[in-house]
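In: give the three-dimensional model of this entry:
(one chain, ligands or ions: 2)
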Amino acid sequence: MSMQRKIAVLGGGAWGTALAANSRRAGHDVSLFARNSDTVSEINEARKNSRYLGDVILPEGIAASADAGAVLDQADAVLAVIPAQSLGKALGELRQVIPTAAPVVLCAKGIEQSSGRLMSEVAHDALPEHQIAVLSGPSFAADVARGFPTAVTVAAGNENTAAQLARVLSGPAFRCYSSVDVKGVELGGAIKNVLAIAAGASTGRGFGASAQAALITRGFAELRRLAKTLGARMETIMGLSGLGDLMLTCSSPQSRNYSYGMALGRGEDLTGRPLAEGVATAPIASELCRKLSVKAPIIDATAALLDGRISIDEAVEALLRRPLKNED
Ligand SMILES: NC(=O)C1=CN([C@@H]2O[C@H](COP(=O)(O)OP(=O)(O)OC[C@H]3O[C@@H](n4cnc5c(N)ncnc54)[C@H](O)[C@@H]3O)[C@@H](O)[C@H]2O)C=CC1
Ligand SMILES: O=C(CO)COP(=O)(O)O
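Out: Ligands and ions are numbered 1, 2, ... in the order given. This next block holds a predicted model:
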């Protein structure tokens, strides 16, 4: 039986376009909803999305449109690639035109600042009749758009749905592992963005690789504690969507969160920078940890730093001066 499906992608930014390219290479019929008419014509006519992906040439046959209803019509699966803080509103507006039989795969990484909800909770509330899944893992849009080898995790509450989506979304160079741990997969993606800002700030401030390794490792301990409290599986946190994405994002200036942190650390002007999801997630992640009595000094310090409540040097001093403790 042919695996060809109609995949509808919502969001014409870097990641939406890259996932559309991947789905096309996997042999699917792909339509992409972008709000910006210049983006729509550039994808359709020049097979490019230069604003977000520079000179990458996309595969033939991605049908971009600013008409969400047309994009979603007859879709077998929907990839929601809209930034975390806008996802709830966007899905609410599109509810009537998303086919109820189509699983909705959430690809944003963040926690909703106004409510503290994870993306799957936001989506369940906006689309109570739909099956919700999450795709996350170490995957820069530019790499995926170019067809470089990448591996991610696709999670859904139903094991068969997760496995089926992993089969459908895997491409020649894009390997999807399946999971039923939706919460674990999305927590890793949301928290690594906050930790990447911290790691970038440390580098930008001029601290060495030792500080970097300490931040990543102790930040990972905070992610593990939060995930355990929320009932996620440790295997997930140790996997692609947790440790894997943390390693990628905290070590490469290709990450917008890491480079946001670097600019912060260097004292540069932060206006007009590309999307860095960790900026909005940091305060609510810190608040969530406080409410759940999860110790998260690095997440807290990152939120305080972003808020202008402390300087980097004050944050580092406060972190180092905490009472000595067991490494757990
Ligand atoms: N860029 C990357 O390498 C990766 C990004 N992600 C995640 O994917 C999400 C989206 O990121 P990017 O595409 O990279 O961001 P981006 O800034 O490149 O693009 C965001 C796109 O969403 C569109 N958008 C915003 N609100 C919308 C709405 N209400 N309806 C329709 N479209 C809307 C914008 O017009 C823009 O085209 C983020 O949560 C990010 O963390 C995940 C993995 C990799
Ligand atoms: O999520 C990503 C890689 O897995 C992309 O990271 P940035 O949003 O920091 O660029």
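In: contacts and neighbour counts: CA atoms only from here.
Out: Will do.
In: who in the stretch 201-328 of the chain is up against ligand 2?
Out: Residues of the stretch 201-328 of the chain lying close to ligand 2 by CA under 6 Å from any ligand atom are 245, 249, 255-258, 276.
In: quick one: which of those is most hemmed in?
Out: Scoring those on neighbours with other CA atoms under 10 Å, the highest-scoring entry is Tyr258 at 31 neighbours.
In: specify the local secondary structure of that one.
Out: helix (DSSP: H, G, I helix; E, B strand; the rest coil).
In: identify the residues contacting it.
Out: With contacts defined as CA atoms under 8 Å, 6 or more residues apart in numbering, Tyr258 is in contact with 193, 196-201, 249-252.
In: can I get the residues you listed in a markdown table with secondary structure?
Out: Output for these, formatted as a markdown table (three-state DSSP):
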| residue | secondary structure |
| --- | --- |
| Asn193 | helix |
| Ala196 | helix |
| Ile197 | helix |
| Ala198 | helix |
| Ala199 | helix |
| Gly200 | helix |
| Ala201 | helix |
| Thr249 | helix |
| Cys250 | coil |
| Ser251 | coil |
| Ser252 | coil |
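In: pLDDT and distance to ligand 1 for those - can I get that in JSON lines?
Out: Formatted as JSON lines, the contacts of Tyr258 follow (pLDDT from 0 to 100; distance: CA to the nearest ligand atom, whole Å):
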{"residue": "Asn193", "pLDDT": "98", "distance to ligand 1": "8"}
{"residue": "Ala196", "pLDDT": "98", "distance to ligand 1": "12"}
{"residue": "Ile197", "pLDDT": "98", "distance to ligand 1": "13"}
{"residue": "Ala198", "pLDDT": "98", "distance to ligand 1": "16"}
{"residue": "Ala199", "pLDDT": "98", "distance to ligand 1": "17"}
{"residue": "Gly200", "pLDDT": "98", "distance to ligand 1": "16"}
{"residue": "Ala201", "pLDDT": "98", "distance to ligand 1": "18"}
{"residue": "Thr249", "pLDDT": "98", "distance to ligand 1": "10"}
{"residue": "Cys250", "pLDDT": "97", "distance to ligand 1": "13"}
{"residue": "Ser251", "pLDDT": "91", "distance to ligand 1": "14"}
{"residue": "Ser252", "pLDDT": "95", "distance to ligand 1": "12"}
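In: what's the ChimeraX line that selects buried ones from those?
Out: Per 16 or more other CA atoms under 10 Å, the buried members of these correspond to this ChimeraX selection:
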select :193,196,197,198,199,200,201,249,250,251
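In: let me know the closest of the contacts of Tyr258 to Glu129.
Out: Asn193 (29.9 Å; CA to CA).
In: what distance do you get for Gly137 to Met238?
Out: 11 Å (CA to CA, to the nearest Å).
In: same question for Ala77.
Out: 28 Å.
In: measure Ser179 to Gly27 for me?
Out: 23 Å.
In: report the contact partners of the most centrally placed residue in the chain.
Out: Closest to where the C-alpha atoms of the chain average out (CA atoms, centre = their mean) is Lys109, at 2.8 Å. Neighbouring residues of Lys109 by CA under 8 Å, 6+ apart: 83-84, 119, 136, 186, 189-190, 193, 277.
In: so of these, which ones are in strands?
Out: Residues of the contacts of Lys109 located in strands (DSSP state E): Ser136.
In: please check the contacts of Lys109 and keep the buried ones.
Out: For the contacts of Lys109, a neighbour count by 16+ other CA under 10 Å gives the buried set as 83-84, 119, 136, 186, 189-190, 193, 277.
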